[in-house]
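Participant: Pasting the sequence and the predicted coordinates here, then a few questions.
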Amino acid sequence: MNTELLEALTILEQEKNISKDTMMDAIENSLISACKNHFGTSDNIKVIMNRDTCDYSVFAEKEVVEEVMDPALEISLEEAEQIDSSLQLGDVAQIRVESKSFGRIATQNAKNLILQKIREEERKVVFDQYFEKERDIVTGIVQRYVGKNISINLGRADAMLTENEQVKGEVFQPTERIKLYIVEVKNTPKGPKILVSRTHPELVKRLFEAEVAEVSDGTVEIKSIAREAGSRTKMAVWSNDDKVDPVGACVGLNGSRVNAVVSELRGEKIDIINWSDNPALLIENALSPAKVISVMADPDEKSASVIVPDYQLSLAIGKEGQNARLAARLTGYKIDIKSETQAIESGELPADYMDQMEMMDEDGYVGEYEQYEEYEDGYAEAPDGYEEDYGYEAPAGYVSGEPAETDIEETEREYEEEVPEIEFIETEQ
């Protein structure tokens with residue numbers, strides 16, 4: 001048993017993850033190469049290697065002839081009979097080749113061939129390892145700045161975070177650990193080239209998958225992401241389980257989950273909205289926190305016209321158009337936003353639209369419900385529809401009309417004939 005060689009191959013397999021069989025093939029090829037350098041040809045060379053013990057033998061196959069014309073391929077009958085007395089003319093004799101007889105150059109070439117194979121296999125193993133992580137996140141350690149680029153150590157390989165893939169304003173210190181998204185892994189003669197990013201929208205998705213169990217198990221799907229790295233991200237989510245609120249799952253208790261992602265992104269704001277197959281509803285959600293009056297979406301043209309209240313126009317558009325821009329990327333629609341006044345001028349809303357709204361303020365639910373803000377507990381219930389029309393739930397005991405007495409019996413007596421349809425409720429005084 002070739003103990004030393006076996007131990008060396010075992011160490012290579014453990015440390016560099018290079019299989020013994022691969023290295024044994026490399027040794028066989030190196031011996032054949034050495035024979036070619038030593039004898040001038042390797043066509044008749046045969047290497048036999050025991051894969052369990054690492055013992056190997058090298059034989060040169062030569063034809064038995066009367067007169068030798070090519071010593072590398074032929075052997076005389078007298079010499080052949082000294083090796084094996086049963087050999088005759090025309091037979092093939094197997095002559096053992098001792099590796100010790102190889103010259104210095106042949107030995108050096110064989111050594112270089114084995115070392116080259118080790119390097120190739122090591123690069124291949126590293127490439128395969130990170131190719132499996134392509135389009136996923138990894139944790140890297142900042143090493144140093146190389147000009148405007150940053151050298152990142154990923155463990156068994158180094159990656160370069162280029163200036164284009166860096167978030168503007170982010171500054172890292174050496175030995176700092178950061179999350180990175182692997183965009184692409186290329187195999188080059190010098191080893192794997194790994195392209196990483198801190199600006200890719202998928203980085204946010206992978207961070208939520210790591211932080212939110214419902215996303216990782218598929219209960220909640222992240223349907224679309226629009227990101228302006230370092231500033232704001234909009235993300236549309238959908239739940240495959242009616243009992244699970246997708247937005248709530250991503251936000252977490254007291255915002256714990258989303259805050260963990262925001263912390264990793266160095267304070268980048270994240271808007272999480274509900275996904276909808278209805279493009280109009282999706283666009284309305286995407287423009288939040290702005291309130292929307294109407295959305296007219298054209299699925300064929302992938303365009304939409306949105307009307308918002310005058311005081312909500314700047315909020316809908318956002319600073320430097322960011323909110324509208326991210327909403328357009330998130331939905332895939334070209335969005336045209338107009339205020340009420342602009343919509344009336346363009347004819348999209350009737351000319352008396354504002355007058356109608358003022359009348360609603362005076363005679364409709366809005367005007368009717370305003371008085372509830374002045375009331376106290378102990379009055380009759382508000383009519384159905386308060387919450388939907390007024391925007392928040394009415395406190396127990398509110399009634400339309402003038403405030404009643406705090407005593408429930410007097411309230412019933414005084415209002416029984418005037419408002420008999422109102423239901424009275426008991427409240428603690």
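Facilitator: Perfect, thanks for sending it.
Participant: Now do the buried residues in the strand or helix carrying Met24.
Facilitator: Following DSSP states H and E, one finds Met24 within helix 20-39. Under the neighbour-count criterion of 16 or more other C-beta atoms under 10 Å, helix 20-39 has 20, 22-24, 26-39 buried. Backbone N, C-alpha and C define where each C-beta goes, glycine included.
Participant: got any ranges where the chain has weak pLDDT?
Facilitator: 1-2, 38-42, 99-103, 106, 352-429 (pLDDT under 70).
Participant: Just give me the longest helix of it.
Facilitator: Identified as the longest helix of the chain according to DSSP state H is helix 104-131.
Participant: Show me what that helix packs onto, helices and strands only.
Facilitator: helix 3-16, helix 20-39, strand 177-188, strand 191-197 (3 or more C-beta pairs under 8 Å, 6 or more residues apart in numbering; DSSP states H and E).
Participant: Mind doing that once more with 6 Å?
Facilitator: Contact partners of helix 104-131 among helices and strands, from 3 or more C-beta pairs under 6 Å, 6 or more residues apart in numbering; DSSP states H and E: helix 20-39, strand 177-188, strand 191-197.
Participant: the inter-axis angle of it versus strand 191-197?
Facilitator: For helix 104-131 against strand 191-197, the angle by axes from the mean of the first three to the mean of the last three C-alpha atoms, to 10 degrees is 20 degrees.
Participant: Now helix 104-131: buried residues?
Facilitator: Neighbour-count burial for helix 104-131 [16+ other C-beta under 10 Å]: 106-107, 109-110, 113-114, 117-118, 121-127, 129-130.
Participant: again, but for stretch 44-60
Facilitator: Those would be Asn44, Ile45, Val47, Met49, Cys54, Tyr56, Val58, Phe59, Ala60, for stretch 44-60 by 16+ other C-beta under 10 Å.
Participant: Next, give me the two most distant ones among those.
Facilitator: Asn44 and Cys54 (24.2 Å; C-beta to C-beta).
Participant: Using TSV, lay out the helices and strands packed on helix 104-131 together with distance to Gln143.
Facilitator: Converted to TSV, the helices and strands packed on helix 104-131 look like this (distance: least, C-beta to C-beta, whole Å):
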stretch	distance to Gln143
helix 20-39	31
strand 177-188	12
strand 191-197	13
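Participant: tell me how far stretch 212-230 is from the chain's mean position?
Facilitator: 9 Å (C-alpha atoms, centre = their mean, to the nearest Å).
Participant: if we look at it, which residues are touching it?
Facilitator: 167-169, 199, 201, 204-205, 208-209, 233-241, 244, 246, 249-250, 257, 268, 275, 326, 329-330 (C-beta atoms under 6 Å, 6 or more residues apart in numbering).
Participant: Report the buried members of those residues.
Facilitator: 167, 199, 201, 204-205, 208-209, 233-237, 239, 246, 249-250, 257, 268, 275, 326, 329-330.
Participant: Strands along the stretch 251-400 of the chain, start to end?
Facilitator: For the stretch 251-400 of the chain, strands defined by DSSP state E, counting those that start in this stretch occupy the ranges 269-274, 294-298, 303-308, 334-339.
Participant: most neighbours per residue, which of those?
Facilitator: strand 303-308 (a mean of 22; mean count of other C-beta atoms under 10 Å).
Participant: what angle separates that one from strand 334-339?
Facilitator: 20 degrees.
Participant: Neighbouring strands of strand 303-308 in the sheet, and parallel or not?
Facilitator: Here strand 303-308 is paired, per DSSP bridges, with strand 294-298 (antiparallel), strand 334-339 (parallel).
Participant: closest one to Val262 among these?
Facilitator: strand 334-339 (25.9 Å).
Participant: what's next to the closest one, contact-wise?
Facilitator: Contacts with strand 334-339, where a contact means C-beta under 6 Å, 6+ apart, come from Ser303, Ala304, Ser305, Val306, Ile307, Asp310, Leu313, Ala316, Ala324, Ala327, Ala328.
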